[in-house]
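Peer 1: Make a model of this:
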Amino acid sequence: MISNLTKPFLYLLFMCFFLSCSNEPEITPEKLPTDTNSLKSLLDKDINPETRLEVYYRLYKAFRDSDLAQAAYYVNQQQDLAKEVVNKMYLGRAYHAQGMLQRRSGEYIEATNSYLQAIDIFEEVGYNSGVAADINNVGKLYQTIEGYKDAIPYFEKAAQIYEESGDFKNQSIAYTNLAICNSKTGRYAEAKENIKLAIAQQLQFDSNDANRLAHVYNEAGNIYYHANQYDQAIEYYNEALAFNPSHEQMLVILYDNLANTYLTKGNYDKATKFLLKGTGITIDTKTAVERYNIEGTLYQLQGNHQKAVEVFNEAIALANKDIINEPLNNTLDLLSQSYRALTDNGAKVAYDDIYRIADLKKQQQELKDSFYDGMNAKALQAALNQEVEAHNNRKLQASMVDRQWLIAQGAGAIVAGLLIVIMVVTINTKATKKKAYDARKLCAVLQEEKDALAKENKDHKELLAEIHRMASELDTYNNKNKDA
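Peer 2: Numbers count the residues shown, from 1 in each chain. Here you go, the predicted model:
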């Protein structure tokens, strides 16, 4: 039970604690138009800062896919205003947006720094979804440069935060990324567990999202394929198809993956069947080149190298040769194999065709060398690690300063509390002393009265004794007179 004396002290501590905490105000901008021109026209009007911040953010989203420079302009405007009016939520969003644009521009180190700053701000205002999203984005940066091992802890942390907040959709995405990275590093057991969790979370969030479910089941099939468990891979690909995804390219990818898996198993009839299913569907160039490679390999394995060469040449004609193109490199390797097989069987291959393969391989190698000279993946990975470590050190130092400030604040509260306690005790002591003084004064008066009474009693006793003495003498005198 708390005594009356301790209540003021506890109250003070509670007040100091709550006064030191602040909640980020909710973002409640006015209802805004959806079209870009109307949003731009709002910036010429006298609108409140929070509405202006929201307009900047929406304009960034409007231009991020079409005009990176314009999108960056609005992000910078949002960042400056958010700092000026001290709106941390929009400042965190600005750093997040800046990181997304930097990532698209290949500025990976700068993007990492932006994401880390966004994470700190989102942590401060308690926006857990933002924290998890940008932790996941740091993981994606590592994944982009094939730093799969370093990406894993970020995807694990993102999945954990999403789980704590009950965000099953994004938890599924984080587990899918984690599964891909574990598969790329040969940790197939972990990858299988991750992808099963990704599927479970997606089903719990929305069991009717056919496209998302098809994507996750397709990734599960890829993991089992690379683990050389082809039957299980086929099961997952078929389950993905059973969702009837509306994205046609997803359908083609699934048909091709089934064709490739049956091809690896030596079942050419089924491989042909699934390749034909994807015919006539609009797909991007990368997927088309991969399809040609599967088809050409099918002809190769059946000994029809002349037909394989025709298919591979179609792939080369279609492929983008001005970028590092992994499917194209696979095409060139497969075409070389078919040319070698043809020459071994006595067929003639034109020198121009052989030189063309050599030239394209050289071009691809030069592109790779140029890329790795300008942005070496391992060096970049090390730089990212250093940036994260430096950021964590800065955060630790800031945390220590904050802790010292909190300790000082707490000590100040304790000192203030003790002063109040001393004041209360002093007041109580003075009151007690006054009461004690009054009591002592009363006692002194009573003692004086007692002494006076005692003195009176003594005087009375002495007078009585004198009366008794005089009465005795009178009796003696009367007796003598009687005898006489």
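Peer 1: I figured residue 158 was touching residue 174, is that so?
Peer 2: Yes - using C-beta atoms under 8 Å, residue 158 makes contact with residue 174 at a distance of 4.3 Å. No exception for glycine: its C-beta is placed from N, CA and C like everyone else's.
Peer 1: list the residues that contact both of those two?
Peer 2: 132, 136 (C-beta atoms under 8 Å, 6 or more residues apart in numbering).
Peer 1: so what's residue 287 up against?
Peer 2: 249, 252-253, 256.
Peer 1: Tell me which of those fall in helices.
Peer 2: If you go by DSSP state H, the contacts of residue 287 have 249, 252-253, 256 in helices.
Peer 1: so can I have JSON lines of these showing neighbour count and pLDDT?
Peer 2: Output for the ones in helices among the contacts of residue 287, formatted as JSON lines (neighbours: other C-beta atoms under 10 Å; pLDDT from 0 to 100):
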{"residue": "249", "neighbour count": "14", "pLDDT": "94"}
{"residue": "252", "neighbour count": "24", "pLDDT": "96"}
{"residue": "253", "neighbour count": "23", "pLDDT": "96"}
{"residue": "256", "neighbour count": "23", "pLDDT": "96"}
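Peer 1: Distance to residue 312 for those - can I get that in CSV?
Peer 2: Listed next are the ones in helices among the contacts of residue 287 as CSV, based on distance: C-beta to C-beta, whole Å:
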residue, distance to residue 312
249, 22
252, 19
253, 20
256, 16
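Peer 1: list the helices and strands the helix or strand hosting residue 82 packs on?
Peer 2: Using DSSP states H and E, residue 82 maps to helix 68-85. Contacts defined by 3 or more C-beta pairs under 8 Å, 6 or more residues apart in numbering; DSSP states H and E place helix 68-85 against helix 49-63, helix 88-104.
Peer 1: just to revisit the earlier point, between the ones in helices among the contacts of residue 287, which sits nearest residue 145?
Peer 2: residue 253 (24.0 Å; C-beta to C-beta).
Peer 1: Pop the domain breakdown of the chain in here.
Peer 2: What automatic domain parsing lists as the domains of the chain is 37-126, 284-375.
Peer 1: Name the stretch among these that sits most buried.
Peer 2: Sort these by mean neighbour count, taking mean count of other C-beta atoms under 10 Å, and domain 37-126 sits at the top with a mean of 18.
Peer 1: Averaged pLDDT, that domain. What do you get?
Peer 2: For domain 37-126, the mean per-residue pLDDT is 94.
Peer 1: what about it, how long is it end to end?
Peer 2: Counting by C-alpha to C-alpha, to the nearest Å, you get 34 Å between the two ends of domain 37-126.
Peer 1: what's downstream of the helix or strand of the chain at the bottom of the mean pLDDT ranking, the next helix or strand?
Peer 2: Ranked by mean pLDDT, DSSP states H and E, the weakest helix or strand in the chain is helix 7-19, scoring a mean of 36. Remark: after helix 7-19, the chain's next helix or strand is helix 36-42, criterion DSSP H and E.
Peer 1: residues making contact with that following helix?
Peer 2: Identification of contacts with helix 36-42 by C-beta under 8 Å, 6+ apart yields 32-33, 51-52, 55, 58-59, 62-63.
Peer 1: Residue 170 is in contact with residue 133, correct?
Peer 2: Yes - here residue 133 lies in contact with residue 170, judged by C-beta under 8 Å, at a distance of 7.2 Å.
Peer 1: between those two, what contacts are shared?
Peer 2: By C-beta under 8 Å, 6+ apart, residue 133 and residue 170 have these common neighbours: residue 158.
Peer 1: pLDDT weak spots in the stretch 351-484 of the chain?
Peer 2: Scanning the stretch 351-484 of the chain for pLDDT under 70 picks out 368-484.
Peer 1: try 90
Peer 2: Low-confidence segments of the stretch 351-484 of the chain (pLDDT under 90): 351, 353-354, 363-484.
Peer 1: Same question for the stretch 201-350 of the chain.
Peer 2: Checking the stretch 201-350 of the chain against pLDDT under 90 turns up 320-327, 329, 345-350.
Peer 1: Recalculate using a threshold of 50.
Peer 2: Scanning the stretch 201-350 of the chain for pLDDT under 50 picks out no residues.
Peer 1: What residues does residue 74 make contact with?
Peer 2: 56-57, 59-60, 63.
Peer 1: Name the SS class of residue 45, please.
Peer 2: Classification of residue 45 using DSSP: H, G, I helix; E, B strand; the rest coil returns coil.
Peer 1: For residue 74, see how far away it is.
Peer 2: Applying C-beta to C-beta, to the nearest Å, the value for residue 45 to residue 74 is 16 Å.
Peer 1: go on, residue 196?
Peer 2: 41 Å.
Peer 1: What count of nearby residues applies to the residue nearest to residue 234 when sequence neighbours are not counted?
Peer 2: Here the nearest residue to residue 234 in space, its sequence neighbours aside, is residue 261; by C-beta to C-beta, 6 or more residues apart in numbering that works out to 5.5 Å. Residue 261 is flanked by 22 other residues according to other C-beta atoms under 10 Å.
Peer 1: just residue 165 next, same as before
Peer 2: Close neighbours of residue 165, defined as other C-beta under 10 Å, add up to 14.
Peer 1: Give me the phi and psi angles of residue 87.
Peer 2: phi -110, psi 100 (degrees, to the nearest 10).
Peer 1: surely it meets residue 53?
Peer 2: Yes - with contact defined as C-beta under 8 Å, residue 87 reaches residue 53; the gap is 6.1 Å.
Peer 1: Please enumerate the shared neighbours of these two.
Peer 2: residue 81.
Peer 1: Could you single out the nearest of the ones in helices among the contacts of residue 287 to residue 322?
Peer 2: residue 249 (22.6 Å).
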